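# Sequence first, predicted coordinates after that:
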Amino acid sequence: MNFQYLLLVIILHSSLSIPLTFIDLSHTIHPSIPFFPSQVRFNFTQRIAQWMNEDNKIFYAVNAFTTSEHMGTHIDAPYHFSPSGWKVDEIPLSRLISVHARIIDVSKRCSQNKNYLITIDDVKRSDLSVPEVDAETGERFLFVLIFYTGWTKYWPDQTAYAGNNSDVQFPGLSEQLAIYLVNTYGDNFVGVGIDTLSTDYGQSKTYPVHQILSRHNKYGLENLALTENLLNSVQKNFFTLDMHPMKIGNGTGAPCRVVARLNASRQNTNWFGLLVFFILTFLLGFVIKIVYDCKCTQNKEY
């Protein structure tokens with residue numbers, strides 16, 4: 001066997017088999033989760049859970065639920081605040097699957113002000129650089145901008161997470177920031193995400209951020225389950241996001257499973273480790289070849 005060829009196969013296989021890390025950014029929906037006062041709360045009824053014959057060989061279960069479209073981790077379709085915006089079932093899959101995402105940490109400012117309005121400067125301080133074209137696919141670089149406020153730590157305590165019915169409090173985007181994102185990034189920018197009840201802050205009465213995003217067919221992801229572990233993992237890099245909303249016809253929003261896909265080879269902080277791995281692989285191949293050559297030399301007949 002040609003060991004140079006074998007070594008090449010090992011290296012290629014190793015680089016292609018670098019594992020993906022999947023992180024679920026969705027909260028589990030159940031009746032006690034936080035809710036916006038105007039929304040219908042999630043109501044779950046266990047209808048049937050039983051064995052269907054005397055031998056207990058067939059188990060059958062089915063449940064029923066009622067809920068607002070905007071409960072738990074969910075997507076706000078542009079139609080939510082714009083009559084001409086996409087409904088949930090009309091949002092193109094290209095804007096939901098394998099979309100780039102970037103997290104901006106505003107948790108320190110939010111910890112000092114429950115009603116903090118995220119500013120343009122918060123985005124500018126993050127050194128956000130967005131290419132026009134995806135280098136891998138040659139297609140337009142589509143991305144979601146996610147804001148980490150630290151509010152997940154309050155979930156599922158209704159009062160801590162949202163305040164009370166007469167005094168709703170949590171951070172959100174400023175109107176100026178929404179305008180800036182739409183004007184600066186145009187069609188590359190497909191939506192925003194946040195780990196609070198709403199992209200508008202809790203004290204808002206007119207919801208300008210929703211209006212601006214909806215008018216430009218940008219969606220919102222709300223009640224994301226963001227953690228410091230995710231923040232540390234992405235290290236200010238883009239990662240891949242998959243969003244799977246319930247396909248509700250004429251829907252203004254829908255419960256949504258949101259999953260981050262982190263590829264170690266794409267994280268800048270892992271390049272050194274990857275380089276070390278390749279060097280060790282080369283050394284291993286070199287040792288194997290020496291051992292093989294020695295054995296062949298001993299067994300040769302002259």
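Received the coordinates, thanks.
# Which parts of this structure are helices?
3-16, 107-112, 120-124, 158-162, 175-185, 208-215, 228-234, 271-299 (DSSP state H).
# Lowest mean pLDDT across those helices, which one is that?
Mean pLDDT is lowest for helix 3-16 out of the helices of the chain, coming in at a mean of 50.
# average pLDDT for stretch 243-263?
Stretch 243-263 comes out at a mean pLDDT of 97.
# Show residues contacting it.
18, 20-26, 29, 67, 69-77, 79-80, 87-89, 91, 96-97, 99, 101, 193, 221, 224, 230, 233-234, 239-242 (Cβ atoms under 8 Å, 6 or more residues apart in numbering). All C-beta spots, glycine's among them, are computed from the backbone N, C-alpha and C.
# Just the ones in strands from the residues you listed, please.
Mapping these onto strands (DSSP state E) picks out 20-24, 74-76, 99, 101, 193, 221, 239-242.
# count of neighbours near the residue nearest to residue 191 when sequence neighbours are not counted?
Computed as Cβ to Cβ, 6 or more residues apart in numbering, the closest residue to residue 191 that is not its neighbour in sequence is residue 219, at 4.0 Å. Look at residue 219: counted by other Cβ atoms under 10 Å, it has 29 neighbours.
# Residue 229 too?
So residue 229, with other Cβ under 10 Å, has 9 neighbours.
# Local confidence estimate at the nearest residue to it once chain neighbours are set aside?
In space, and not counting its chain neighbours, residue 229 is closest to residue 23: 7.8 Å by Cβ to Cβ, 6+ apart. We have a pLDDT of 95 for residue 23.
# Settle this for me: residue 23 is touching residue 231, isn't it.
No: the pair residue 23 and residue 231 fails to qualify as a contact (Cβ atoms under 8 Å) at a distance of 10.9 Å.
# quick revisit: buried only: go through the ones in strands among the contacts of stretch 243-263 for me.
Those of the ones in strands among the contacts of stretch 243-263 that meet the buried threshold are 23, 74, 75, 76, 99, 101, 193, 221, 239, 240, 241, 242, by 16 or more other Cβ atoms under 10 Å.
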